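**Q** Here is my input, please return the structure:
(one chain, ligands or ions: 1)
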Amino acid sequence: MRVAIIGAGIAGLATAYFLAKEGIKVEVFEQKFLLHGASGRNSGGITAQFDDEELIKLAIRNEKLYDKLQSEIGFNFLLRKDGYLKLANSIEELGRIELQRKFGLKVKIMEAEEVRNIFEDINTEAFKFASFYPKGAIVFPWAVIWGLAKGCKDLGVKIYDFTKVEIVAEDGKVKGVKSGEFHEADVVVNAAGAWSKEINDKLGIKEEKRIIREEICVTESIKPYIDPYILHASEGLFLSQSMRGEIVGGIVGKSDGGMTSSLDFLIRYAKLVTRLVPKLKGLAVLRQWAGIYDETLDGKPKMCFSEIKGLYQLNGFGRKGMSIGLACAEIASKEILKFTQEE
Ligand SMILES: Cc1cc2nc3c(=O)[nH]c(=O)nc-3n(C[C@H](O)[C@H](O)[C@H](O)COP(=O)(O)OP(=O)(O)OC[C@H]3O[C@@H](n4cnc5c(N)ncnc54)[C@H](O)[C@@H]3O)c2cc1C
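**A** Predicted structure coming up:
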């Protein structure tokens, strides 16, 4: 049994890793370089503060997988468990706290002033309420991808970079993938993130999805003093401080527009972030970039076999791929394994 995986983001590489551990022969195809997709461009915020039972369960499973994989692969993902702080202008915008607590999340609700116990320099006039999830974390996304790629290679998975592939299917069944050359496979996994729709379109598979572009930037380093990941849910502003001291932040994406950066974003972000943390005024931005991700209409990931036999869909993570992607990949690998055993 052979499995071909399209996309070397968190979803594709983690699935490859889990399958290879079970002795399956896996090949991963990446159209550009590792880190080209959203998995190499995100802000690394990890939380389980979701408003849906399935997503919360996936996120809890995901938290454990980060710990497990780091030690199993022998690679440091530079994951820091300093909590996830969600701010909002109204209690409603904090989401379904009772549901989160029902699943054991120790989420603390606070009024603005209390947040100063977590981060002293926050401007308490820029928001009204907060929910703090102490088990939330920040991970360095590049390290996750490098680590998963190492884990794959150690298990004999071949990763082809700069290899854009399309799916070959005949008589309602996948045969493999092709770029210049044909690679035979019994199962093909569409883990192509924002590009997964394009791949499905070519096969005549209809799906409704949003492709979202999100911009982000990084400043020069200052002494590390912001512990948690901060998301202002009402304004879409997010920020955190890397272990090197840079402020990494941006504005949650709303619509498509490719992977180009804009001056408009920098101006909007600078205004929002310096209102929330006035001490950041004057810091130089060293680099800015953008990434794209795909989001399903119900906000839940797609993880299922589709109408073409042997084609598995693993995409549609929205702005949650780092928080649930490993868990989804583990589930996908189990379903694929079952399929290969039944064939
Ligand atoms: C700015 C930004 C901030 C974010 N912040 C967070 C956050 O704080 N927390 C969080 O949980 N999530 C966050 N996300 C979302 C998260 O990054 C994504 O949900 C996740 O990375 C999606 O992973 P993936 O593996 O599905 O897709 P990707 O990482 O995009 O991987 C898909 C890969 O497929 C490749 N590909 C596409 N087509 C082909 C083809 N035909 N042949 C071969 N290869 C192909 C692409 O090049 C790409 O590398 C953020 C995203 C962005 C852009």
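
**Q** What distance do you get for Ile97 to the ligand?
**A** When distances are taken as Cβ to the nearest ligand atom, to the nearest Å, Ile97 and the ligand turn out to be 19 Å apart. Backbone N, C-alpha and C define where each C-beta goes, glycine included.

**Q** I'd guessed that residue sits against Met110; true?
**A** No: with contacts counted by Cβ atoms under 8 Å, Ile97 stays clear of Met110, the gap being 11.4 Å.

**Q** Mutual contacts of those two, please.
**A** Any residue near both Ile97 and Met110 by Cβ atoms under 8 Å, 6 or more residues apart in numbering counts here, and that gives Ser131.

**Q** I'd like to know which residues of the stretch 1-150 of the chain are adjacent to the ligand.
**A** Selection of the stretch 1-150 of the chain residues close to the ligand by Cβ under 6 Å from any ligand atom yields 6-12, 29-32, 36-39, 41-45.

**Q** hmm, try it at 5 Å
**A** The stretch 1-150 of the chain has residues 6-7, 9-11, 29-32, 36-39, 41-43, 45 near the ligand, with proximity defined as Cβ under 5 Å from any ligand atom.

**Q** What's the local residue count around the residue nearest to Leu297 when sequence neighbours are not counted?
**A** Sequence neighbours aside, Glu208 is the residue nearest to Leu297 in space, at 5.5 Å (criterion: Cβ to Cβ, 6 or more residues apart in numbering). Burial of Glu208, expressed as a neighbour count using other Cβ atoms under 10 Å, amounts to 7.

**Q** Can you read off the backbone torsions of the residue in the stretch 101-250 of the chain that the ligand sits nearest to?
**A** Of all residues in the stretch 101-250 of the chain, Gly193 sits closest to the ligand, with a separation of 2.6 Å (Cβ to the nearest ligand atom). Gly193 has phi and psi values of phi 50, psi -130 when expressed as degrees, to the nearest 10.

**Q** Can you tell me how far it is from Asp82?
**A** 27 Å (Cβ to Cβ, to the nearest Å).

**Q** Quickly list the domain ranges of the protein.
**A** With automatic domain parsing as the criterion, the domains of the chain are listed as 2-76+140-208+300-342, 84-136+210-296.

**Q** Serialize these to CSV and add fields for mean pLDDT.
**A** Formatted as CSV, the domains of the chain follow (pLDDT from 0 to 100):
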stretch, mean pLDDT
domain 2-76+140-208+300-342, 97
domain 84-136+210-296, 96
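
**Q** ok, Thr47 - contacts?
**A** The contact partners of Thr47, by Cβ under 8 Å, 6+ apart, come to 59, 84, 86, 133, 136, 229, 323.

**Q** Out of those, which sit inside strands?
**A** The members of these that map onto strands under DSSP state E are 84, 86, 133, 229.

**Q** Look up which residues are beta-bridged to the first one.
**A** Beta bridges link Tyr84 to Tyr133, Tyr229, judged by DSSP bridges.

**Q** May I have the phi/psi pair for Ile91?
**A** Backbone phi and psi, for Ile91 under degrees, to the nearest 10, turn out to be phi -60, psi -40.

**Q** Tell me how far it lies from Met110.
**A** 11 Å.
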